[in-house]
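Undergrad: Quick one: sequence and predicted model below, then my questions.
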6 protein chains.
Amino acid sequence: MTLNPLPRVMLEPLVRSALLEDLGRAGDVTSDALIPSTEQATFALTAREPGVVAGLDLARLAFHLADNTGALDVTAYRSDGDRVSPGDVLATVSGSARSILTGERVALNFLGHLSGVATATATIADAIAHTHASVCCTRKTTPGLRAVEKYAVRAGGGANHRFGLDDAILVKDNHIATAGSIATAVQRAKGAAGHLMAIEVEVDGLEQLAELLHDPVTAVLIDNFTPEMAAEAVRMVDGAMVVEASGRVNAATAPALADAGVDIISVGWITHSAAVLDIGLDYA
Amino acid sequence: MTLNPLPRVMLEPLVRSALLEDLGRAGDVTSDALIPSTEQATFALTAREPGVVAGLDLARLAFHLADNTGALDVTAYRSDGDRVSPGDVLATVSGSARSILTGERVALNFLGHLSGVATATATIADAIAHTHASVCCTRKTTPGLRAVEKYAVRAGGGANHRFGLDDAILVKDNHIATAGSIATAVQRAKGAAGHLMAIEVEVDGLEQLAELLHDPVTAVLIDNFTPEMAAEAVRMVDGAMVVEASGRVNAATAPALADAGVDIISVGWITHSAAVLDIGLDYA
Amino acid sequence: MTLNPLPRVMLEPLVRSALLEDLGRAGDVTSDALIPSTEQATFALTAREPGVVAGLDLARLAFHLADNTGALDVTAYRSDGDRVSPGDVLATVSGSARSILTGERVALNFLGHLSGVATATATIADAIAHTHASVCCTRKTTPGLRAVEKYAVRAGGGANHRFGLDDAILVKDNHIATAGSIATAVQRAKGAAGHLMAIEVEVDGLEQLAELLHDPVTAVLIDNFTPEMAAEAVRMVDGAMVVEASGRVNAATAPALADAGVDIISVGWITHSAAVLDIGLDYA
Amino acid sequence: MTLNPLPRVMLEPLVRSALLEDLGRAGDVTSDALIPSTEQATFALTAREPGVVAGLDLARLAFHLADNTGALDVTAYRSDGDRVSPGDVLATVSGSARSILTGERVALNFLGHLSGVATATATIADAIAHTHASVCCTRKTTPGLRAVEKYAVRAGGGANHRFGLDDAILVKDNHIATAGSIATAVQRAKGAAGHLMAIEVEVDGLEQLAELLHDPVTAVLIDNFTPEMAAEAVRMVDGAMVVEASGRVNAATAPALADAGVDIISVGWITHSAAVLDIGLDYA
Amino acid sequence: MTLNPLPRVMLEPLVRSALLEDLGRAGDVTSDALIPSTEQATFALTAREPGVVAGLDLARLAFHLADNTGALDVTAYRSDGDRVSPGDVLATVSGSARSILTGERVALNFLGHLSGVATATATIADAIAHTHASVCCTRKTTPGLRAVEKYAVRAGGGANHRFGLDDAILVKDNHIATAGSIATAVQRAKGAAGHLMAIEVEVDGLEQLAELLHDPVTAVLIDNFTPEMAAEAVRMVDGAMVVEASGRVNAATAPALADAGVDIISVGWITHSAAVLDIGLDYA
Amino acid sequence: MTLNPLPRVMLEPLVRSALLEDLGRAGDVTSDALIPSTEQATFALTAREPGVVAGLDLARLAFHLADNTGALDVTAYRSDGDRVSPGDVLATVSGSARSILTGERVALNFLGHLSGVATATATIADAIAHTHASVCCTRKTTPGLRAVEKYAVRAGGGANHRFGLDDAILVKDNHIATAGSIATAVQRAKGAAGHLMAIEVEVDGLEQLAELLHDPVTAVLIDNFTPEMAAEAVRMVDGAMVVEASGRVNAATAPALADAGVDIISVGWITHSAAVLDIGLDYA
């Protein structure tokens, strides 16, 4: 699947806010004091560890928006979604040395964080690549960054779950408890959903799954199932619904679930706990 | 040191944005479909693993701002900065079940992320507690969340470095290279700094440190020094400057640096790579 | 289907902006000049023509946010989604006469516009009420008001289509032309969609429909079909996809399409061309 | 009267908001999935029914801001205020096919809505063109769009009334009732108005008009007068004030009022109930 | 003329922005470090020099929005527009000492600045109080504060000129030069103005005034006229237009112009150069 | 010390807001009515009185953002920080006459105000130029303009104090009173401050100063000291702390304090009460 860039109109407000957050009320006093305004330089965004890149457009914007000269150039040698090795140059940045150093941290904060999300995603995607299952994100994202974190998941070879509370119905235990039964819950969900709104129901065991199969929905979320239970669930569903597995899955535990035949493995930590990918800005 | 809350006027825009990001253009279609608007319930924010809490005010705001009834109550049993064990109830939330489920994810995303930062900070703070050194954050924060992540560092027992490019001068290798020498760099920095603006200079070895000691500044940042070099640096500085050590320090490597006598150990990963602290919302 | 209110956190920015747009840089100079600040009054929001109400929460907010006293009361006698007749009092507003007159126009602009959308929707919903078809909105909404116009469609008994470009795939003629064939287009769409993202394809005739049936998607949009063609389409699809009809449908032409058995009739004019519902604010 | 464009600084925030509203959190998933990023195309904005155009600058901005390539061209063949016939090409849009399809709906939503307002205005302007009267808008505008709707009224050959509560005094029945008499109301209004702030008073009959003529203001609003009453009002005023007529006027009833000699006929529905002008985007 | 408060919805964004500007990314570190969160105190906003007060609502909001306890009380003893003497207590503020000190500077910055504007205005208003002339502001205001500075002018007993470029036509020398003659300029202005939009023309001498009198407008602005020329201008106009005088007028030169019979004296420095009124916050 | 420009990303939001404030809901109706859209002209920003310039970048942005043609040119002949004499041309602006007149007032409001601040600063800087003391601003700035006013202070040759409540600790009388003693206050401050956060303590007399010298901090603020007391304070401190003097200092009283040997003289009125520098826009 091709990775498509997000429109600049979606990225620009994030980068402007991040720059203002870092510039504060006096700007970059260090570079202003130490770097002559006419000093030109070329720097390289360089990977320091292996991983998958995401966020180059945000980094590019950070350098451009931190620059007053209008003459800064960012040339990318890698694209979001590319695998990189230590020492790989992702892009070079040429122009006012002061502008580049002023934008550096914001550029790296976006690039490192999103590449971290992409890399975490790829770790699991790789582990289950021999199956038809795909790894998928959740709504456990960093406040303010959902659109770009979900983009980074795509960059890492993952799929996207709901983007918010509004674009699909996901019936969980609390909802079922209130409705009184899965049957009632499903009936209410179907009554509320538009014709393009998918419905997914979380089940806590095979009995609930059997109950759900009387009135199937788009997808079933099997939470904290063992691989054996997951395999049984896949057999029971037999293609009537998409089968999604969740429950603190990691790269070690994902393959068994994928081998069990589930379609989707959703993992919170690829967005909420991914470590940054170490990328530096070096004199080129 | 007491932990002081941030004013609500700083937190509210973050929570409003995060809610709008999650509610999208249709709101919480699942809860709307399945939870009667009159349903009342009490839920408990419960720790599922040991750690340090941060973000309770943001979670509280998320529930209140997701609620249309004006009758929702959040009662906290723990405070930001508290150590918690699995099963500990941090707060209870009572009121409209629908409002609570609508605000749940935003509340947990803030609370989990910031508690993760606080917990990561505490891990290092604990490891060096027998020394006078303190662990300190960097500007490697998540775009948009700097103020609250730095708050979470304080909650975890850490200290804060610069809040942005504007509130202190931090002279790094690129700046020194441009200036030509440490002496020139320091001279320019002192000429630019106001009387309340601190100056810190990063040195890459003991020779540079010796050069800096001819004209000391507020603090010296020794980057990637071994504990032995750090100890020698501390001896050379002899109280003339604050000594800060950095360079991918973690809980395992921090004690040796702290034992070497440095004052500050700054660590990027406590903000950029901290895993979320697992906190759940359970029926109470 | 119950109509659920949107969270206040979604409505408040709209009302604040609308008030600032109307208050300009001097506020309500007329009421300030002519109404003593202590004058109390009660006004009634009264329907002047039959229709369906939508927007009462926005009107309520407009009065509250235009009021400095904190002592204004809005009591509603009707709810969004209710059918009203001329003379029906929807709500009374009591408190500072000046505050009420200051907020009047913004309250009425929201209430009249959204009730107009709800009423237009209901006109078509009524015309096809004897069938299983439902009337549905489009993305042809007023810039800035999509969430509340889609809400008004629900208030009028209609269903919602996509909320934006991002929450479902809708393949139209230009996309098919670029892809080269329906088969390729569908294949690409399925490759890109997450497991909760619906896919709809627009066809311009029965031949394209036949082609699509080789690889069905969530829904098919039959555009500008005669009722006879629509009936044939329903027969061909035979439950394999949701069948949506569109093409400048109005209350007069909708029944024949609905009688043909389609599931959804989408109509742009219920949002882009609905006349305002006449509602006034009278001394009570 | 020449129609002058609004500065881009006023339009850009509207277009950015509308694009973000449509792009949501994932962007245009359909075009991303189906249109290669390198695909170039030319489309034509084409009128499908007769009317008056307004909003071309907003449409142009929508295409440009939805485009990441920086190489999109919009060439206009008609200007705001022009009369168009079905099939007339208003503008062509050339560049990335994906960018154009991504911006299409926002461009058309602005263009269709504002052209609808201009066309509705022109309908009345045409009907009274043989008199000296002009058609005028009200504050019954769509929240958030007042500046551009008032611009569209000018594009349709109409005049503008107050832009908000703050730029003129308009004394209505409730204000007169509170003041106790027209005389007192006028006296208070004159005491409050700056030297550049106009005052208009609404009267409900000829007696009130006579009362007002003892102390004339800038304009009198005769509400719900028959043409005969309006003619008598014009005679009584005899040039001492501008005479504005209102009261659910439409193209059929406007001529009689205009023939009666009034100066201004203000009509709410040209902004609050104008149907969209049907304009499409076709492969060129 | 009574001074009417601006709606809170207009003031709140200004105060929130100002607080965020002052709180930065860490809040009030001094008060947090030194004032226990439970400490209660009462402070008095006290005038330190004679003047006219304006901005009490903004100050009140600043204290409330800087306070997290919800239990802070502001009791006003004076109102905007009141004359005060050194030592007069304008208001007391009771509650959390920390909240009060955190909000102090923002409260005083608004209150001091706007009271300064009101006081400067009153200085001129007093100097011409024996005439029928009034002192009036211009568009020479501080960026971002126009609405509240114009309010402060009203508090000081002054009148308001245009609020922006959009609410009246003001023809100046450059416009006349382009039009070629006053006659053409006036004709174009009348063709463009709506029926509630006033027109003012600036003349540089009595000849231009004579030319303007052939086709009078709402007001004439006589710029840099001596009192003698102004008296002649008043005679020539003879009530046909409002006569406004401008040209670096101050309290010493205003009376002669007012005695000459002009209606309005507009003065830029009451907004752009007014010194702050010294108001302090003292332990009560 | 070189004056460094602020990044455009910090200035642009200020200029956009100021333009929208002035353009209101109809734009520049005068220029639109009187200046043909094709009219080209060149204007000169010209000093009308002697002073120091600040704000040229803001003025440039105002003209560019008020222009729809994309072909406007601003050429600067002076730089921020330059001393100018009456008649000096600071910059020429060439392009659409209408665009230039539309942007004029916002450009001049920024330029005049900030040049006023720079000029006021320079007045004091000049008066103490024979000493080592520097003049310094406070937090008594205009709400919303702190970053640019502090920049203007630098343009005028002054130094900057704290930028907000968050970037240094400043212990004042109320804080000392609450803490009970200077010793306790200093101890609490040192416990709270990070290693790069300066601490300053205000003392009201020599006794408090003596107390403070037992545990010195970064700087001491001697408030309302006579020059004799200031000289004694300097002797007592003897280089252990920076000595800052304050207390309604002006150009007449500053030299005596500077001669007494203080390091910093902080003055509120250079930001809160500076008169505008008179700069005009003339046909060139």
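TA: Perfect, I can see it now. Residues are numbered from 1 along each chain as shown, chains lettered A, B, ... in the order given.
Undergrad: And the helices in chain A, which stretches?
TA: A:8-23, A:29-34, A:56-65, A:97-127, A:146-155, A:173-179, A:182-192, A:206-212, A:227-237, A:254-259, A:269-272 (DSSP state H).
Undergrad: Compute the inter-axis angle for the fifth one and helix A:97-127.
TA: For the pair helix A:146-155 and helix A:97-127, the angle between their directions (axes from the mean of the first three to the mean of the last three Cα atoms, to 10 degrees) equals 60 degrees.
Undergrad: Mind giving me the packing neighbours of helix A:146-155?
TA: When contacts are defined as 3 or more Cβ pairs under 8 Å, 6 or more residues apart in numbering or on different chains; DSSP states H and E, helix A:146-155 packs onto helix A:8-23, helix A:97-127, helix A:269-272. C-beta here means a position set from N, CA and C on the backbone, and glycine is covered the same way.
Undergrad: can I get those helices in CSV with distance to chain D and mean neighbour count?
TA: Listed next are the helices and strands packed on helix A:146-155 as CSV, based on distance: least, Cβ to the nearest Cβ, whole Å; neighbours: other Cβ atoms under 10 Å in any protein chain shown:
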stretch, distance to chain D, mean neighbour count
helix A:8-23, 5, 21
helix A:97-127, 15, 27
helix A:269-272, 13, 26
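Undergrad: Which one of those helices lies nearest to residue F:138?
TA: helix A:8-23 (21.5 Å; Cβ to Cβ).
Undergrad: Can the closest one be said to contact chain C?
TA: No. Helix A:8-23 is not in contact with chain C by Cβ under 8 Å from any Cβ of the partner chain; minimum separation 10.0 Å.
Undergrad: Report the angle between that helix and helix D:8-23.
TA: Going by the same axes, to 10 degrees, helix A:8-23 makes 110 degrees with helix D:8-23.
Undergrad: The lowest-mean-pLDDT helix or strand in chain A close to chain B?
TA: Lowest on mean pLDDT, DSSP states H and E among the helices and strands of chain A sits helix A:173-179, with a mean of 91. Yes. Helix A:173-179 reaches chain B (Cβ under 8 Å from any Cβ) through A:174-175, A:177-179.
Undergrad: Any chance of the helices and strands packed on helix A:146-155 in TSV with mean pLDDT as columns?
TA: Output for the helices and strands packed on helix A:146-155, formatted as TSV (pLDDT from 0 to 100):
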stretch	mean pLDDT
helix A:8-23	98
helix A:97-127	98
helix A:269-272	96
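Undergrad: which one of the ones you listed lies closest to chain E?
TA: Evaluated with Cβ to the nearest Cβ, the helices and strands packed on helix A:146-155 place helix A:8-23 nearest to chain E, the distance being 7.4 Å.
Undergrad: Contact partners for residue A:166?
TA: The contact partners of residue A:166, by Cβ atoms under 8 Å, 6 or more residues apart in numbering or on different chains, come to B:23-29, C:163, C:167.
Undergrad: For residue E:60, see how far away it is.
TA: Residue A:166 is 38 Å from residue E:60, where distance means Cβ to Cβ, to the nearest Å.
Undergrad: Over to residue A:192?
TA: 45 Å.
Undergrad: got it, and residue A:242?
TA: Residue A:242 sits 56 Å away from residue E:60, going by Cβ to Cβ.
Undergrad: Who has more neighbours out of the two?
TA: Taking neighbours as other Cβ atoms under 10 Å in any protein chain shown, residue A:242 and residue E:60 compare with residue E:60 leading, 24 against 19.
Undergrad: Could I get the contacting residues of the nearest residue to that one once chain neighbours are set aside?
TA: Among residues not flanking residue E:60 along the chain, residue E:74 sits closest, at 4.5 Å (Cβ to Cβ, 6 or more residues apart in numbering or on different chains). Residue E:74 sits next to E:59-60, E:63-64, E:91-94 when contact means Cβ under 8 Å, 6+ apart.
Undergrad: Do you know the pLDDT at residue E:74?
TA: Residue E:74 is assigned 98 on the pLDDT scale.
Undergrad: now residue A:1
TA: Looking at residue A:1, its pLDDT stands at 59.
Undergrad: what does residue A:246 give?
TA: 96.
Undergrad: For chain D, see how far away it is.
TA: Residue A:246 is 21 Å from chain D, where distance means Cβ to the nearest Cβ, to the nearest Å.
Undergrad: Grab the nearest non-local neighbour of that residue.
TA: Residue A:246 sits nearest to residue A:266 (Cβ to Cβ, 6+ apart), 4.5 Å away.
Undergrad: who's the one you found bridged to?
TA: Counting by DSSP bridges, residue A:266 is bridged to residue A:136.
Undergrad: What about it, how many residues nearby?
TA: 24.
Undergrad: got it, and residue A:53?
TA: 29.
Undergrad: Residue E:120 is nearest to which of the helices and strands packed on helix A:146-155?
TA: Ranking these by proximity to residue E:120 (Cβ to Cβ) places helix A:8-23 first, at 33.6 Å.
Undergrad: got the contact list for that closest one?
TA: So helix A:8-23 is contacted by A:57-58, A:61-62, A:65-66, A:102-103, A:105-106, A:109-110, A:144-145, A:147-148, B:139, B:143-144, B:146, B:164-166, D:16, D:19-20, D:23, D:27, D:65-66, D:68, E:25, F:7, F:9-10 (Cβ under 8 Å, 6+ apart).
Undergrad: now do stretch A:117-134
TA: If you take Cβ under 8 Å, 6+ apart as the criterion, stretch A:117-134 is touched by A:51-54, A:80-81, A:83, A:135, A:137, A:149, A:152-153, A:155-159, A:249-252, A:254-255, A:257-259, A:261-265, A:267, A:269-271, A:273-275, A:277.
Undergrad: One more: stretch A:78-91?
TA: By Cβ under 8 Å, 6+ apart, the list of residues contacting stretch A:78-91 from outside reads A:3, A:5, A:44-57, A:59-60, A:74-77, A:111, A:118, A:122, A:151, A:154-157, A:279, A:284.
Undergrad: Just the buried residues from those, in PyMOL please.
TA: Listed next is the PyMOL selection for buried residues among those, using 16 or more other Cβ atoms under 10 Å in any protein chain shown:
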select buried, chain A and resi 3+5+44+45+46+47+48+51+52+53+54+55+56+57+59+60+74+76+111+118+122+151+154+155+156+157+279
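Undergrad: just to revisit the earlier point, next, see if the least confident helix or strand of chain A gets close to chain C.
TA: No. Judged by Cβ under 8 Å from any Cβ, helix A:173-179 makes no contact with chain C; its nearest approach is 13.5 Å.
Undergrad: So which bits of that helix are buried?
TA: Buried residues in helix A:173-179, defined by neighbour count with 16+ other Cβ under 10 Å: A:174-176, A:178-179.
Undergrad: Let me know the closest of the residues you listed to residue C:187.
TA: residue A:175 (35.0 Å).
Undergrad: is it true that the closest one touches residue A:184?
TA: No. With contact defined as Cβ atoms under 8 Å, residue A:175 does not count as touching residue A:184 (10.2 Å).
Undergrad: ok so, going back, what's the distance between the residue nearest to residue A:246 and residue A:171?
TA: Distance from residue A:266 to residue A:171, counting by Cβ to Cβ: 15 Å.
Undergrad: quick one on the thing from earlier: residue D:222 is nearest to which of the helices of chain A?
TA: Distance to residue D:222, taken as Cβ to Cβ, is lowest for helix A:8-23 among the helices of chain A, at 47.5 Å.
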